[in-house]
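Visitor: any chance you could fold what I've pasted below:
(chains A and B)
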Amino acid sequence: MDRKTVRSRRIPLTIAAATAASMLLASCGGGGEDDGATTGTLDFYTNKAAWEPDFDELNAQSESDVDISLDTTGYSDAAQYDAFIKQSFRTDKSPGLFTWQTGPSLAELVDEGLVAETTDIWTEAVDEGWIGEDLKDAYTFDGEQYCVPMNIAYWVMYYNKTVFEAQGIAEPTTWAELDAAAAKLKGAGITPYYQTSTLFTFPWFQQLVAGTDPELYNGLATGEVEYTDPRIVEIMETWRAQQDAGWFSDAGATVDPAVGLKQGDFAMINFGSFFNGSLDGAGMVSGEDYDMFVIPAVNPDLEKTPVAVESGPLCVAENSSQKTLGLEYSEWWMSPDAQTAWSAARGDVAFNPQATVADPMLEELGTTVAGDGYEAYDRYYEATPTPILTVALEQFGAFIANPGDPLPFLETIQAEADDYWAN
Amino acid sequence: MTSDQTTLKRPEERLRRSSGPDQTTPTRRGDQYRWSALGFIAPGVLLVAVLLYLPLLWTTFLSLTEYNGLGDPEWVGFENYVEMLDDPAFLGSVLNTLLWVAGTLLVPVGIGLGVALLTWNLKGGIWLRLPFLIPYALSGIGVGVIWSFILSGDGALDQALAAFGVDDTPRWLVDAPLNTVVMILATAWQGVGVNALLFTIGLQSIPKEPLEAARVDGANGLRLFRSILWPMLRPLTAVVVGLSIVASLKTFDIVQGMTKGGPGRASETLALTMYKETFVNSEYGLGSAIAVFLTVVTLVASILYLRRQLSTKHGV
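Guide: Predicted structure coming up:
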């Protein structure tokens, strides 16, 4: 048998195999049908693998209240998790409940009709006084709500109380006082602030820009302000000057931030209010070993102090076989009982004002931020479109590692922003 | 005498039998054999088609589309390839990947050969090679985590150097291209052992006669290596170097474990860029274009290298 004959027989065989495989794959596609169950075990997926025990702890309360328990699968890699969730929409295994991000990421899912509407749940929660209207915006698309808030976190400044007391530093109430505290700490040989060059590279930029001019900050998120705007460059120069003054920790250090604060490697860390759980886990006592304060505005003329707020959604897939069950759980999740239990399990701020917050420090924070002198703004991570965010996180990381002329870093981010907003 | 033997004695009858209706039996058997053979190979062919060819075709198709992982891919032709080649970060990834190729040839392969040469003829040489082999049991991510502890800003190496009064140490994982160089050294720590093992097998398979003849002629040390050992090791060297080129072109795990391609994109390799564009940025089309580029480069490099090294011209 000559080679050509062999090859000509191989080709149809390969095509047949590929066709069979395509049919096999195609048969796996499509969504499942809602089984209509209102009680039972709900499959729950989250990118917060470390919180899995907290969700498990909540099962006792949810079983008692609505006869639903979560079967939690936690992912620790955000990119891997996102890809898994996106692919699951194409199968009959789309999740009955999953965590996601607000902002453009959630808008993508809503645009494709992939998440279940929760307008009725929101209406009831608002009517019952379980949630404020201000949080609704992040979950509203074309007048309808999708998903419910899993949690909220305010981005504040944590500090080591022992270090502050030893240096005779009180909680700063103005930006000038904060600068003075940092200078004093540095003078005593203590690094004032924590920083990292991977992932969480944005908080200080966010703080500086929003604290200078909230409209400028919002303009970056909507594309109305360019990253190369002279006002942004000036803010970056402030950051650079602080870097040059040695106010930030070693960008290449891999020490756990909670452990670093406990050890006094640095005196302060700008983090979300969920950090209480990490600090408690590191053996620090809330209110005794560590405390927090709302970071004062850079611009003293601002009427209200801007506070970054992060809200992570709990969503139900539209084509999930557990859609009804997921929505039942979402409704329960908004209730004071659920939020009280969650606050106790996780050590988190509760978005429901009727819930009891276990940690007095977090309760006080919730009351403070709800006051007239403060205004919440969306965290940079959720407010910024994903492609721009990715480049920005990299560029801030590069700037942190090698602080220098900020313009090239900003130009790189702006190039991505130009590309994004042009499409 | 049996009836068959009688039959065989009659040529005309033999001819009739061979041209009669019984002639179809072997053909039918041949068909049956072919069908059963196809039945046996079908599962393998199906697996290869589903797990290798289909994803390759799908990735190539995706590279010509814009797709965010949701909805349907939108055909954009070669736009992703243009964007890829236009991106300075992609060029940086290509340069880093080339550094990895050169580095892994020089360090893990070079040291592996050195270890093999120094120990293959020694009594108990296996005990000298064994420590080099142990890290090979670790995954790339595991190696990355271990070396991050050593090389991070407050890591074991800096602390050890500080104990000797050396405080002004380089920022191993922060400054480029130093971060890529130290990651190559971490890979060498893991890869030297297996290369040494492969070269030892090659050395042990060299016939004793030419070696003894060379020694009688006074060849020793470098001379023996250059004129006898190295040429006779060529087939094995080709395989080790070929494997090393392929492995270094797709370097991912150790970089992801140590620097995540940062700071910024300073230590990204092509595989990492592909991963980031696809799964972090949800640019499945662009990520697929990089995947296709990487596949083509790896295939071409492997084919060209192995064809050259294993050709009969070189006496193999």
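Visitor: next SSE after the helix or strand containing B:Pro210?
Guide: Here B:Pro210 sits within helix B:208-216, counting by DSSP states H and E. The helix or strand immediately downstream of helix B:208-216 is helix B:221-224, counting by DSSP H and E.
Visitor: any chance you could list what contacts the helix holding B:Pro210?
Guide: Taking Cβ atoms under 8 Å, 6 or more residues apart in numbering or on different chains as the criterion, the residues outside helix B:208-216 that touch it are B:224, B:227-228, B:232. (Glycine included, C-beta is placed from N, CA and C.)
Visitor: just the pLDDT for residue 104.
Guide: Reading this off chain A. Model confidence at A:Pro104, given as pLDDT, is 86.
Visitor: could you do chain B instead?
Guide: The confidence metric pLDDT takes the value 90 at B:Thr104.
Visitor: that one and B:Ser244 touch, don't they?
Guide: Yes - distance between B:Thr104 and B:Ser244: 5.3 Å, which falls inside the contact criterion (Cβ atoms under 8 Å).
Visitor: helix, strand or coil for the residue in chain B that chain A sits nearest to?
Guide: With Cβ to the nearest Cβ, the shortest gap between chain B and chain A falls at B:Gly264, namely 2.9 Å. Under the three-state scheme (DSSP: H, G, I helix; E, B strand; the rest coil), B:Gly264 adopts coil.
Visitor: take the contacts of helix B:208-216 and keep only those in helices.
Guide: The helices in this structure, assigned by DSSP state H, contain B:224, B:232 from the contacts of helix B:208-216.
Visitor: using ChimeraX, define a selection of the buried residues within the contacts of helix B:208-216.
Guide: Typed into ChimeraX, the line below selects the buried ones among those, using 16 or more other Cβ atoms under 10 Å in any protein chain shown:
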select /B:224,228,232
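Visitor: quickly list the domain ranges of the chain.
Guide: By default, I'm working from chain A. By the record's domain assignment, chain A is partitioned as A:40-152+A:310-369, A:154-308+A:378-422 (automatic domain parsing).
Visitor: meant chain B, my bad for not saying
Guide: According to the domain assignment given by automatic domain parsing, chain B is divided into the following structural domains: B:23-62, B:79-314.
Visitor: quick one: contacts for the nearest residue to A:Phe89 once chain neighbours are set aside?
Guide: With sequence-adjacent residues excluded and distances taken as Cβ to Cβ, 6 or more residues apart in numbering or on different chains, A:Phe89 is closest to A:Leu114, at 5.1 Å. A:Leu114 makes contact with A:89, A:94, A:317-319, B:70, according to Cβ under 8 Å, 6+ apart.
Visitor: now swap in A:Ser88 and tell me
Guide: For A:Ser88, the contacting residues are A:94-95, A:317, by Cβ under 8 Å, 6+ apart.
Visitor: excluding chain neighbours, what is closest to whichever residue of the stretch 301-423 of chain A sits closest to chain B?
Guide: Proximity of the stretch 301-423 of chain A to chain B (Cβ to the nearest Cβ) peaks at A:Ala398, 2.9 Å away. Distances taken as Cβ to Cβ, 6+ apart place B:Gly264 nearest to A:Ala398, at 2.9 Å, with adjacent residues excluded.
Visitor: now for that neighbour, how many residues are close by?
Guide: The burial count assigned to B:Gly264 is 25, neighbours taken as other Cβ atoms under 10 Å in any protein chain shown.
Visitor: could you do B:Val239 as well?
Guide: 15.
Visitor: tell me the most buried of the domains of chain B?
Guide: Relative to the other members of those, domain B:79-314 carries the highest mean neighbour count by mean count of other Cβ atoms under 10 Å in any protein chain shown, namely a mean of 18.
Visitor: for the stretch 301-423 of chain A, what lies in contact range of chain B?
Guide: Proximity of the stretch 301-423 of chain A to chain B is confined to A:386-387, A:390, A:394-395, A:397-398, A:400-402 under the rule Cβ under 8 Å from any Cβ of the partner chain.
Visitor: related to what we said a few turns ago, just the contacts of helix B:208-216 now: which is nearest B:Gly193?
Guide: In terms of Cβ to Cβ, no member of these lies closer to B:Gly193 than B:Met232, at 22.5 Å.
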